[in-house]
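Chemist: After the sequence you'll find the predicted model.
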Amino acid sequence: MTTKEDRDQFLPEEWLELVKEAMKSNITKEEFNRFLEENSKIYKG
């Protein structure tokens, strides 16, 4: 099981905030995954 301390070590603060916002919204897990996949292509170039 992942603890809060483990999670904080793996995620930069800006990503942690993004995840928290997504959890508060009505976005589905699939929609969030799609967003991450599409944006990871942009950031990788």
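Modeler: Sure, I can see it. Numbering: from 1, shown residues only.
Chemist: Okay, helices next: where are they in the protein?
Modeler: For the chain, the helices defined by DSSP state H cover 4-10, 13-24, 29-44.
Chemist: Format those as a markdown table; extra columns: mean pLDDT and mean neighbour count.
Modeler: All C-beta atoms are positioned from the backbone trio N, CA, C, and that covers glycine. Shown next, in a markdown table, are the helices of the chain (pLDDT from 0 to 100; neighbours: other Cβ atoms under 10 Å):
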| stretch | mean pLDDT | mean neighbour count |
| --- | --- | --- |
| helix 4-10 | 64 | 9 |
| helix 13-24 | 88 | 11 |
| helix 29-44 | 83 | 10 |
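Chemist: From the chain's centroid, how far away is stretch 12-30?
Modeler: Centre-to-centre, stretch 12-30 and its host chain are 5 Å apart (Cα atoms, centre = their mean, to the nearest Å).
Chemist: and stretch 28-42, C-alpha only, in CSV?
Modeler: In CSV, the C-alpha atoms belonging to stretch 28-42 read as follows (Å, rounded to 0.1, in the frame of the first residue of the first chain):
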residue,chain,number,x,y,z
THR,A,28,-13.6,10.1,-14.4
LYS,A,29,-10.4,8.1,-14.0
GLU,A,30,-10.4,7.4,-17.7
GLU,A,31,-10.7,11.0,-18.6
PHE,A,32,-7.9,11.9,-16.3
ASN,A,33,-5.7,9.2,-17.7
ARG,A,34,-6.5,10.4,-21.3
PHE,A,35,-5.5,14.0,-20.2
LEU,A,36,-2.2,12.7,-18.8
GLU,A,37,-1.4,10.7,-21.9
GLU,A,38,-2.2,13.6,-24.2
ASN,A,39,-0.2,16.1,-22.2
SER,A,40,2.7,13.8,-21.6
LYS,A,41,3.2,13.8,-25.4
ILE,A,42,3.3,17.6,-25.4
